[in-house]
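*Asks:* have a look; sequence and predicted model below, questions after that.
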Amino acid sequence: MTLQYEKLMHYEFPAVEHHYTQRDSMLYALGIGLGADPMDWEQLDFVYEKALKVLPTQAVVLCRPPNFSRDPRFGINGTMVVHGEQKVILHRPLPGEAVVTGQTRILSIVDKGQGKGALIFSARDVLVKETGEKVATLEATSFARGDGGFGGPSGPTPEPHAVPTGKPDLTFDWKTLPQAALIYRLSGDYNPLHSDPDTGKKAGFPRPILHGACTFGIAGWALLKTCCGGDPGRLRSIQARFTKPVFPGETIRTEIWKQGKVLSFRARLVERPDVVALDNGRAEIA
């Protein structure tokens, strides 16, 4: 079965209501790896309820719709789908706990050609249910590696943000835990690609890989710690392209270029220095 372009483009996703608690916010931060130093208050503020802060990138796990890539109606080879790009726009800091609502919509689908896969662009707004206040807008690209050649449009695709080529102004290393993907998945992304060794092998990987959104969250933490004084309210937006998989246990080095209120960044792997896991990163700070 080939990707069902018209069905997916016109599918009306159900609205999702999500009640998350302080426990969920702390669990998300633990999935990113915060709390590794139990004496570091900058980390403890995100994993301890005394004066709880929320990582801005937690927005990506809120109001997640059912996984359309594994819905047989759309003809997608779900095993071959990976997270391609992610953007988060923060309209205000995320509350420690809240009831929020969101509705996903498909923006466009691009056919890269037979054997080259397809790009599925989607978006959703996250709002506080009680007040209707918008807290975040999420835009994502799914790379359906096994679904090119279905006869859909070949473009347009957005131009990626150009990261400077010179030496970065800052670098930040973060060692991931071997069980990082097993913790992160408890925030709602249960794709077996990140937990099941057999599924990982079927997808062409020697073992389960880390969620791209977890790598994204680690880069967000790097920017928050090095450029925002640990204040979530200063990070206004963040986006990046996922270029290579990370295996749990590897060290992620975020390279940062400061350009006024704009931060450019990429993330490479210390153990495999030629491998860039996140590229074309851009963030705006207050």
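*Replies:* Noted; the coordinates are in hand. Residues are numbered from 1 along each chain as shown.
*Asks:* quick one: the helices in the chain?
*Replies:* Per DSSP state H, the chain carries helices over the ranges 5-9, 22-32, 41-47, 180-184, 197-202, 212-227.
*Asks:* just these: most buried one?
*Replies:* Stretch with highest mean neighbour count among the helices of the chain: helix 212-227 (a mean of 25; mean count of other CB atoms under 10 Å). All C-beta spots, glycine's among them, are computed from the backbone N, C-alpha and C.
*Asks:* got the angle for that helix vs helix 22-32?
*Replies:* Counting by axes from the mean of the first three to the mean of the last three CA atoms, to 10 degrees, helix 212-227 lies at 90 degrees to helix 22-32.
*Asks:* so where's the longest strand in the protein?
*Replies:* Longest strand in the chain, counting residues (DSSP state E): strand 98-111.
*Asks:* what does the helix or strand bottoming out on mean pLDDT in the chain contact?
*Replies:* None of the helices or strands of the chain scores lower by mean pLDDT, DSSP states H and E than helix 197-202, at a mean of 91. By CB atoms under 8 Å, 6 or more residues apart in numbering, the residues outside helix 197-202 that reach it are 79, 192-193, 206-209.
*Asks:* and it, how far from the chain's centre?
*Replies:* 21 Å (CA atoms, centre = their mean, to the nearest Å).
*Asks:* alpha carbons of it, as CSV, please.
*Replies:* C-alpha atoms of helix 197-202 as CSV (Å, rounded to 0.1, in the frame of the first residue of the first chain):
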residue,chain,number,x,y,z
PRO,A,197,15.8,-4.1,20.0
ASP,A,198,13.9,-6.1,17.3
THR,A,199,12.1,-3.0,16.0
GLY,A,200,15.4,-1.1,16.0
LYS,A,201,17.0,-3.8,13.8
LYS,A,202,14.0,-3.8,11.4
